[in-house]
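Visitor: any chance you can model this:
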Amino acid sequence: MPVANSIHHSNHIYNYFKSLKLGLILSDVYHNHLMTIMVSIFLCGYRGKTIDFAEVSCQHRTTTASHTKPSSQALHPIEAAYFHQSHLKGCQDYGHQVVSVMLSCNGIILNYAVILYDRSKSKIRIVQEIAEELPVAPVISYFLCDSWYTSAKVMDSFIRKGFYTIGALKTNRIIYPCGMRRKVSGFVLHLKKTDSDVSLVTVGGREFYVYRYEGKLALDKYQIRSRMGIQRYWLIMSLAHYMCCMHSGKYCTFEEGYRYFQEQIKTEQLMNLHSFIKSGASLEAVLEMVG
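Guide: Purely as a prediction, here's the structure:
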């Protein structure tokens, strides 16, 4: 490989891809393109945007930004995007929604599933299907979720696999203590810290009182247009996360793994640049190589 093109390549990442046997499922074209994407993620500090790919790749990339309404004049409109309520912005936004599940075991935390929500099925059903794919937990395990997924259907799906659900409840949620229909907001007014079902727990240095209830419940950084491209992007990000956490054959934090790859690639780039200069390259060529 010419030294001038080494910015698109990393022997360290190539060897890691080889250990994963990606060459058995990817052609050389896709393999090389994936290489440049990974180099862009680690080389300069990744910002979560596909513009970073273009800086180290000759491949074309089409991007767009978040909109308050879809563009009627776009030649290639964003696929599978629609209006949804952005809780972060507090208003309607035009873009994508995703259902993501992380798996944590013995201190190891990895991406398990990233699903594009496209209204063909409910988010509750998506999470149920993820639960159905899980093996039965060998020990007591927990499913942690926000208030959107604290529903009887989700809880039933996970308990069948040995996972107890820990989730928040909105104050307007209906519960049935002693068979009587009540809102959570009204029920909590009758709870006392000294009640047998109330416990004090500490989370992140903060103390909370929690109540054990058993009963019936009535419960954006990427910039890609195509649906397939979006899903591929998420898959690549999951691969990058896995590489960072498992590069040494045993688990480390994402931050530690990221710094490791960043240092390895920068070291390779410096060595290649040194070889390029020793080969008698012109100043213009050297400046072009370092960007």
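
Visitor: what's the burial count for Val39?
Guide: 25 (other C-beta atoms under 10 Å). Heads up, the C-betas are built off the backbone N, CA and C, glycines and all.

Visitor: what about the helices in the stretch 1-150 of the chain?
Guide: 11-19, 28-43, 51-54, 123-133 (DSSP state H, counting those that start in this stretch).

Visitor: please identify the most buried of those.
Guide: Ranked by mean neighbour count under mean count of other C-beta atoms under 10 Å, the helices of the stretch 1-150 of the chain are led by helix 28-43, which reaches a mean of 19.

Visitor: tabulate the CA atom coordinates of it in PDB.
Guide: Provided in PDB are the C-alpha atoms of helix 28-43 (Å, rounded to 0.1, in the frame of the first residue of the first chain):
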ATOM      1  CA  ASP A  28     -12.400  -5.900  -0.100                       C
ATOM      2  CA  VAL A  29     -14.300  -2.800  -1.100                       C
ATOM      3  CA  TYR A  30     -16.600  -2.900   2.000                       C
ATOM      4  CA  HIS A  31     -13.700  -4.000   4.200                       C
ATOM      5  CA  ASN A  32     -11.600  -1.000   3.100                       C
ATOM      6  CA  HIS A  33     -14.500   1.400   3.500                       C
ATOM      7  CA  LEU A  34     -15.200   0.100   7.000                       C
ATOM      8  CA  MET A  35     -11.500   0.600   7.800                       C
ATOM      9  CA  THR A  36     -11.600   4.300   6.900                       C
ATOM     10  CA  ILE A  37     -14.700   4.800   9.000                       C
ATOM     11  CA  MET A  38     -13.000   3.200  12.000                       C
ATOM     12  CA  VAL A  39      -9.900   5.300  11.400                       C
ATOM     13  CA  SER A  40     -12.000   8.500  11.400                       C
ATOM     14  CA  ILE A  41     -13.700   7.500  14.700                       C
ATOM     15  CA  PHE A  42     -10.400   7.200  16.500                       C
ATOM     16  CA  LEU A  43      -8.000   9.500  14.700                       C
END
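
Visitor: give me the helices and strands touching it, please.
Guide: helix 11-19, helix 51-54, helix 227-246, helix 254-278 (3 or more C-beta pairs under 8 Å, 6 or more residues apart in numbering; DSSP states H and E).

Visitor: quick one: which of the ones you listed is nearest Val188?
Guide: Within the helices and strands packed on helix 28-43, the stretch nearest Val188 is helix 254-278; the backing value is 37.2 Å (C-beta to C-beta).

Visitor: now do that closest one against helix 28-43, angle only.
Guide: Angle, helix 254-278 to helix 28-43, by axes from the mean of the first three to the mean of the last three C-alpha atoms, to 10 degrees: 110 degrees.

Visitor: contacts only, for the closest residue to Met38 other than its chain neighbours.
Guide: Nearest residue to Met38, sequence neighbours excluded (C-beta to C-beta, 6 or more residues apart in numbering): Ile13, at 5.2 Å. By C-beta atoms under 8 Å, 6 or more residues apart in numbering, the residues touching Ile13 are 35, 38-39, 243, 261, 265.

Visitor: please repeat the previous calculation with a cut-off of 10 Å.
Guide: Taking C-beta atoms under 10 Å, 6 or more residues apart in numbering, we find Ile13 in contact with 34-35, 38-39, 41-42, 243, 247, 261, 264-265, 268.

Visitor: quick one: low-confidence residue ranges for the stretch 51-200 of the chain.
Guide: Low-confidence segments of the stretch 51-200 of the chain, defined by pLDDT under 70: 51-77, 87-88, 178-179.

Visitor: lowest-confidence stretch among the helices and strands packed on helix 28-43?
Guide: Set side by side, the helices and strands packed on helix 28-43 give their lowest mean pLDDT on helix 51-54, at a mean of 57.

Visitor: ok, back up a step: what would the helices and strands packed on helix 28-43 look like in CSV with distance to Cys91?
Guide: CSV is the format used below for the helices and strands packed on helix 28-43 (distance: least, C-beta to C-beta, whole Å):
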stretch, distance to Cys91
helix 11-19, 41
helix 51-54, 26
helix 227-246, 22
helix 254-278, 31
